[in-house]
Each structure stands twice: as C-alpha cells, then as structure tokens.
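Engineer: Let me see the structure of the following:
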Amino acid sequence: PRPPSRTVEEVDYDASDDEAAEGDVNKVARAFAKGHRLRRGFFASALRRRLQTLQETNQRLKAIAREHLDESERAKLFAELGSEDNSAITSRDESMARGD
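Structural biologist: Prediction:
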C-alpha cells in the first residue's frame, strides 16, 4: 500500500517541527557549553590553587636551604635541581650592576 499524500498544512507543520527540534538542539548545545565553561573554570581554579601551594612550598624550601647551607652548597643544590635560589639571582644581579 502506498502512503497517503501529504497536504500543504502537513508540510508546514513538519517545517515548524524542524525549527522546534533545532531550538531544542540549540538549548542542549548551550547547556553543554555552560557546563563545559563551569568545568573548565573549576579545573583552572584548582590548578591555580595547586600552583600557588607549590610556589609557597618552594619558597619555604629555599628559605631552609638559605638558612642551613652555605652559598656554594646552595648553588650546587640548585644547579642539580635545575632551579635557582632567588636570593642568589638578586645578589648576582646586584653585583653585575655594580661591576664586580
């Protein structure tokens, strides 16, 4: 059996259904994008907090090294770790400015 032919009203009705479906898709896309932004913001915030904690820990460790190690030991330690002691950088920069 052949399906019944469609009238103009039915075609128009189908077109509005498509528009409504597109609207639903847009709503879903906006909701997904909003969730994505919230997740990204949450992870970025957590990463910033973790970075700040690591920087504070790093500063405390450097302070301990400055307190307990002499300058040559400290320089050797930071060279092995691939890091520099900020006070060493400051004193080096000051001596370079003076022309030592």
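
Engineer: Give the burial count for Lys62, as a bare number.
Structural biologist: By the criterion of other C-beta atoms under 10 Å, Lys62 has 19 neighbours. For the C-beta atoms, the positions are set from N, CA and C on the backbone; glycine is no exception.

Engineer: Which other helices and strands does the helix or strand encompassing it contact?
Structural biologist: In this assignment (DSSP states H and E), Lys62 forms part of helix 8-68. Counting contacts by 3 or more C-beta pairs under 8 Å, 6 or more residues apart in numbering; DSSP states H and E, helix 8-68 packs against helix 71-81, helix 86-98.

Engineer: Comparing the ones you listed by mean pLDDT, which bottoms out?
Structural biologist: Ranked by mean pLDDT, these bottom out at helix 86-98, with a mean of 54.

Engineer: Show me where this protein dips below the pLDDT cut-off.
Structural biologist: Applying pLDDT under 70 to the chain flags the ranges 1-21, 84-100.

Engineer: what do you get if the cut-off is 50, keeping everything else the same?
Structural biologist: Along the chain, segments meeting pLDDT under 50 span 8, 11-12, 88.
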